[in-house]
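S.K.: I'll drop the sequence and a predicted model, then ask my questions.
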Amino acid sequence: MIRKAVIPSAGFGTRMLPAAKAVPKELLPVLDRPTIQYVVEEAAEAGVDDVLLVTSREKWAVEDHFDRSPELEQRLAAAGKEGLLASVNALAADVQVHSVRQATQRGLGDAVNQARRHVDDEPFLCLLGDTIFSRPARGPGAAPALQRPEDLKGQPIFPFNLARYSGAKVPFLAAGPAAHPPLLREILSHP
């Protein structure tokens, strides 16, 4: 089972300008939540319980979004807003979110490389913090993609990346199971 995910979110957000000039693109809302929260929730639904955000000095708000806010929690409890309080705390009960800073934005590969110590030699999901996908009407979002390829039997495949460190390099980064079935089979068969 894959338990860790890495979410690179250190970039400048140039694809989303001018909206992302003052607000990190990962925090731009879709309905009632920031984009990156949907990404973390989908990872949690797939069984991931350990998420590493790769951020930059300008992205402190992304880190803060996943941190506890005792003042806000106390205010919601005092106002009797139990539903809102539960929604604020729900994700923290399922997933532990960590962060590491990428000192200089040198691309996605370098961002993923910042996760080396955290993930060690475990396979991990690499999800983009500004990219969400619609989910099927039935069943979990990313979970079908985390099954063994031979067990999928025509189920939809969702875009994602799987990676594993080997020594000092990331020897492969598979972009979705359809792209590299033998690679994915090897990743998923590793304990």
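M.R.: That came in fine, so what should we check first? Numbers count the residues shown, from 1 in each chain.

S.K.: do you have the helices of this structure handy? List them.
M.R.: 35-45, 60-65, 70-78, 82-94, 108-113, 116-119, 181-189 (DSSP state H).

S.K.: what helices and strands are in contact with the third one?
M.R.: With contacts defined as 3 or more C-beta pairs under 8 Å, 6 or more residues apart in numbering; DSSP states H and E, the packing partners of helix 70-78 are helix 82-94. Placement of C-beta: from N, CA and C, glycine included.

S.K.: now the helix it packs on: buried residues?
M.R.: When burial is assessed from 16 or more other C-beta atoms under 10 Å, helix 82-94 yields the following buried residues: 85, 91.

S.K.: got the angle between that helix and helix 70-78?
M.R.: Between helix 82-94 and helix 70-78, the angle comes out at 140 degrees (axes from the mean of the first three to the mean of the last three C-alpha atoms, to 10 degrees).

S.K.: now helix 82-94: average pLDDT?
M.R.: For helix 82-94, the mean per-residue pLDDT is 89.

S.K.: point out where this protein drops to low pLDDT.
M.R.: Scanning the chain for pLDDT under 70 picks out the ranges 133-191.

S.K.: on that earlier part again, go through the helices of the chain and pick out the most buried.
M.R.: Most buried of the helices of the chain by mean neighbour count (mean count of other C-beta atoms under 10 Å) is helix 35-45; its value is a mean of 21.
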